[in-house]
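Peer 1: Provide a 3D model corresponding to the input given below.
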Amino acid sequence: MADNRTEKATPRRRTQAREKGQVLRSRDLVSALTLFSVILMFAWNPQLWIGRWQGYFARALDASVSADWSGNVPVISWTNLAVIQWLAPVLGVAFIVAIGATVAQGGLVFASEALTPDFARLNPVNNIGQLFSLAGLSRVLKSLIPAGIILYLAWRLLQQDASMILRSSRLESRAALAITGKLWFSLAWQASFVLLAWSAVDFLMQRFTYERSLRMTKQEVRQEHKDNEGNPQVKGRMRRLRRDLLRRSIRKDVQRATAVITNPTHYAVALEYRPATMPAPVVVAKGKNLLAQKIKEIARWHEIPIVENPPLAQALYKSADVGQMIPPKLYAAVAEILAFLYRTQMRMKAQPSTPSGGAR
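Peer 2: Purely as a prediction, here's the structure:
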């Protein structure tokens, strides 16, 4: 059956995988960085590390010659102190680098599901089967590749310095130890670079495998979107209800308007002004495009004056919200329109009282 997991993992899928303890992490990268940092620390000041052991051996040999062995010679305490002084910085740097590399690859994850004991993993039959499986064989081959490269580097180093190694047996102990230490340090330095490069390759492989394991089907993506956003039918019904409520609210607000200023097609702003109770006109409704057409339709139905003034309509729409008074800079323009409407209304009211015969 063809794999239909073609979609990238969503943020929710990644969060769920993290809660289960599935985090992108390469153990080889952590080990390589730890080894590299320890070797770098030794290379920073090698004389300091050598000097500590020189001081310890000198002190122990002097005590063995001059001490009265009937008493108590603290050689064991000196040995413990020397080992602690030498190992404490090494272990401290290794611990800090290991924690830092682990956090950088996804942080410290405490997943309760991953901590649940799985007794199937303790079954020796399953473990033996995994050793001879394709996955187990691939892990063994992955380990043999860097090991083979390191063995080749060691063999080449022995070939290059074979004559010096043979002559070191004729030298004094200090010189022979210096040659041996130099060879070991050179091999460790080259091996750390090999492990670091191989761990980078392993990290890229782990990332590819991790991203592939998180892929989702299109159905899973749709289902997750539906769970997050809700059912599209329910959302559509909610939008229709909101539009109905908005229309009813606009209808009530426009009924209170004194005038409607339009663009004439794109903008519509309904203004209410009661000189006895309001210091300035108030925007009771405004809209753009379809909503503007709805405001004008309501205004015509209730015989509210509609004035076409594109610059003023745009300025009112952009500078004043519903329920706010118009800005002072627009007072003059709005007052001129309201005064014109007031005069027009007064003339219309005065027309029926004019005698039909005219002046004599």
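Peer 1: mind listing the helices for the stretch 101-250 of the chain?
Peer 2: 112-115, 124-131, 134-160, 162-167, 173-213, 218-229, 232-255 (DSSP state H, counting those that start in this stretch).
Peer 1: lowest mean pLDDT across those, which one is that?
Peer 2: Among these, helix 112-115 carries the lowest mean pLDDT, a mean of 56.
Peer 1: and stretch 202-210, how far from the chain's centre?
Peer 2: On the basis of Cα atoms, centre = their mean, to the nearest Å, stretch 202-210 sits 19 Å off its chain's mean C-alpha point.
Peer 1: what comes up buried for that stretch?
Peer 2: Of the residues in stretch 202-210, 202-203, 206, 210 count as buried by neighbour count, 16 or more other Cβ atoms under 10 Å. (C-beta placed from N, C-alpha, C; glycine too.)
Peer 1: got it, and stretch 188-205?
Peer 2: Neighbour-count burial for stretch 188-205 flags 188, 190-192, 194-196, 198-199, 202-203 (criterion: 16+ other Cβ under 10 Å).
Peer 1: hmm, who's touching it?
Peer 2: 26, 28-29, 31-33, 35-36, 39, 43, 105, 142, 145-146, 149-150, 153, 157 (Cβ atoms under 8 Å, 6 or more residues apart in numbering).
Peer 1: and for stretch 278-288?
Peer 2: 250, 253-254, 256-258, 266-273, 294-295, 316-317, 320-326, 328, 331, 334, 338.
Peer 1: from the buried residues of stretch 188-205, pick the one nearest residue 179.
Peer 2: residue 188 (15.1 Å; Cβ to Cβ).
Peer 1: quickly note the distance from that closest one to residue 346.
Peer 2: 103 Å (Cβ to Cβ, to the nearest Å).
Peer 1: quickly list the domain ranges of this structure.
Peer 2: 11-108+126-224, 243-347 (automatic domain parsing).
Peer 1: could those be laid out in JSON lines, adding distance to residue 4?
Peer 2: JSON lines is the format used below for the domains of the chain (distance: least, Cβ to Cβ, whole Å):
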{"stretch": "domain 11-108+126-224", "distance to residue 4": "5"}
{"stretch": "domain 243-347", "distance to residue 4": "39"}
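Peer 1: sketch out the low-pLDDT regions of the stretch 251-360 of the chain for me.
Peer 2: 351-360 (pLDDT under 70).
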